[in-house]
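This is a predicted model, with the sequence first.
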Amino acid sequence: MKAMVLKAMAPVEQEPLVMMDVPIPVPGPGEILIKVSVCGVCHTELDEIEGRLPPNLPIVLGHEVVGRVEGVGTGAEKFKRGDRVGVAWIHSACGGCPFCREGNENLCFQFKGTGCQANGGYAQYTTVSEDFAYPIPDRFSDSEAAPLLCAGAIGYRDLRLSGIKRGDVLGLFGFGASAHIVIQVARHWGCEVFVFTRSEEHQNLARQLGATWAGKPDDPPPRKLRCAIDFTPVGETVPAALRVLERGGRLVMAVIRKRTQIPAMDYAELLWHEKEIKSVANITRADAQEFLPLADKIPITPHVLEFRLEEANEVLLRLKQGKIQGAAVLRTPD
Ligand SMILES: [Zn+2]
Ligand SMILES: [Zn+2]
């Protein structure tokens, strides 16, 4: 099969993904073999490629996988050949540790990320345990469904952990694949949303999707924020967000890694008055299982740009440069 393989970490400008012919994986006990239709492109892949989140090498990246079941391993019985399924960032967790037993499998010490510790969806085929695959609601095309699996599902987790309630003001810092879905859920929940992003194109998309205010990261918003979610890869956003957070408000940090340090912060000015900072790590299966039907019900309209799998390097570079509106997906050759 064809796969875009990362053999060594390098800046994405050096086009480190290489199209290769590799054997089609064989599904083990309890696993399914998926013929991949599309795979979404996520910011986390930049962290893997550039070494901020080192993957097992060589690796097939990609953790927003949509495809059809092509075969099943022994004992796998949840899906049949031809079923449309998705795979998300959580590829497996041990199931037995205290975190797993309490429903926090995202924090499992043996957590494996799709396309990080196990091969993912930048390929014609992939395998996963049937317990870590999800049916895709009919409403969504393959391309529309892909960003729901990480950008959407983890965005939903960000929103839940922010503690936002109906009528509250939510601030979104950065407006990429995840934020453009999060805003639609937040509007559905009756929240007012302010969006902070440098890109005027992203500000326009934000207004189109229901933001009542959109400005640059340092612009003063009309009111203070009850909750903020930081999707940006830079540390400077943290003090900027805390500055416009209401007393008792919470800042959720949505990214796995920051490219730059969080600057030293003045406690009295930025943190006192019971402000909180919370990071989000990975997702649980429950996040995806709850979010996909919610996305169907709202319904979420993903803005998707489709590319060919062999264009992965280019697309990742555009993502790094902030030049993707909404979400990018890679279509796999037949
Ligand atoms: Zn992701
Ligand atoms: Zn565990």
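That came through fine. Computed from a predicted structure; not experimentally measured. Residues are numbered from 1 along each chain as shown. Ligands and ions are numbered 1, 2, ... in the order given.

which strand of the protein spans the most residues?
strand 31-41 (DSSP state E).

Rounded mean pLDDT for stretch 134-154, please.
Averaged across stretch 134-154, pLDDT comes to 98.

That one: which residues count as buried?
134, 136-137, 140-154 (16 or more other C-beta atoms under 10 Å). (Each C-beta comes from the backbone N, C-alpha and C, glycine too.)

near ligand 2, which residues of this protein?
Applying C-beta under 5 Å from the ion, we find that the chain lies next to ligand 2 at 93-94, 97, 100, 108.

Please check those residues and keep the buried ones.
Neighbour-count burial (16+ other C-beta under 10 Å) is assigned, among those, to 93, 97, 100, 108.

Tell me the one of these nearest ligand 1?
residue 93 (16.6 Å; C-beta to the ion).

My guess is that closest one contacts residue 114. True?
No. At 12.0 Å, residue 93 and residue 114 do not qualify as touching, with contact defined as C-beta atoms under 8 Å.

Any idea how many residues pack against residue 14?
11 (other C-beta atoms under 10 Å).

And it, its phi and psi?
Taking degrees, to the nearest 10, you get phi -90, psi 10 for the backbone angles of residue 14.

Next to ligand 1 in this structure, residues from the chain, please.
Proximity of the chain to ligand 1 (C-beta under 5 Å from the ion) is limited to residues 42, 44, 150.

want to throw the residues you listed into a markdown table with distance to residue 15?
As requested, the residues of the chain next to ligand 1 are exported to a markdown table (distance: C-beta to C-beta, whole Å):
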| residue | distance to residue 15 |
| --- | --- |
| 42 | 18 |
| 44 | 19 |
| 150 | 23 |
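
just checking, residue 147 is part of a helix?
Yes. Note on residue 147: a helix contains this position according to DSSP: H, G, I helix; E, B strand; the rest coil.

so how far is residue 134 from it?
14 Å (C-beta to C-beta, to the nearest Å).

what's across from the residue nearest to residue 34 when sequence neighbours are not counted in the sheet?
Once flanking residues are discounted, residue 34 sits nearest to residue 67: 4.2 Å by C-beta to C-beta, 6 or more residues apart in numbering. Here residue 67 sits in beta bridges with residue 36, residue 85, as judged by DSSP bridges.

you'd agree residue 67 is up against residue 82?
No. Taking C-beta under 8 Å as the definition, residue 67 is not a contact partner of residue 82, at 10.8 Å.

surely residue 190 meets residue 167?
Yes. Counting by C-beta under 8 Å, residue 167 is a contact partner of residue 190 at 6.1 Å.

what ranges do the helices span in this structure?
All helices of the chain, identified by DSSP state H, fall at 43-49, 98-101, 142-145, 151-162, 177-188, 200-208, 237-243, 285-297, 312-320.

CA-only coordinates of the second one in PDB, if you can.
Listed in PDB are the C-alpha atoms of helix 98-101, where the atom choice follows Å, rounded to 0.1, in the frame of the first residue of the first chain:
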ATOM      1  CA  PRO A  98      -6.300   3.700  38.200                       C
ATOM      2  CA  PHE A  99      -6.800   6.400  35.500                       C
ATOM      3  CA  CYS A 100      -8.400   4.000  33.100                       C
ATOM      4  CA  ARG A 101     -10.700   2.600  35.800                       C
END
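
could you check the distance from the residue in the stretch 51-200 of the chain positioned nearest to ligand 1 over to ligand 2?
Residue nearest to ligand 1 within the stretch 51-200 of the chain: residue 150 (3.3 Å; C-beta to the ion). As judged by C-beta to the ion, to the nearest Å, residue 150 and ligand 2 stand 20 Å apart.

So that residue is in contact with residue 64, correct?
Yes. At 4.8 Å, residue 150 counts as touching residue 64 under the criterion of C-beta under 8 Å.

Run through the bridge partners of residue 128.
Beta-bridge partners of residue 128, counted by DSSP bridges, are residue 32.

How about the contacts made by it?
31-32, 34, 87, 91, 114, 118 (C-beta atoms under 8 Å, 6 or more residues apart in numbering).

quick one: which of those has the most company?
The most neighbours of any of those, using other C-beta under 10 Å, belong to residue 87, which has 31 neighbours.

Grab the nearest non-local neighbour of it.
For residue 87, ignoring the flanking residues on the chain, the nearest one in space by C-beta to C-beta, 6+ apart is residue 65 at 4.1 Å.

Surely the one you found touches residue 36?
Yes. If you go by C-beta under 8 Å, residue 65 and residue 36 touch, sitting 5.8 Å apart.
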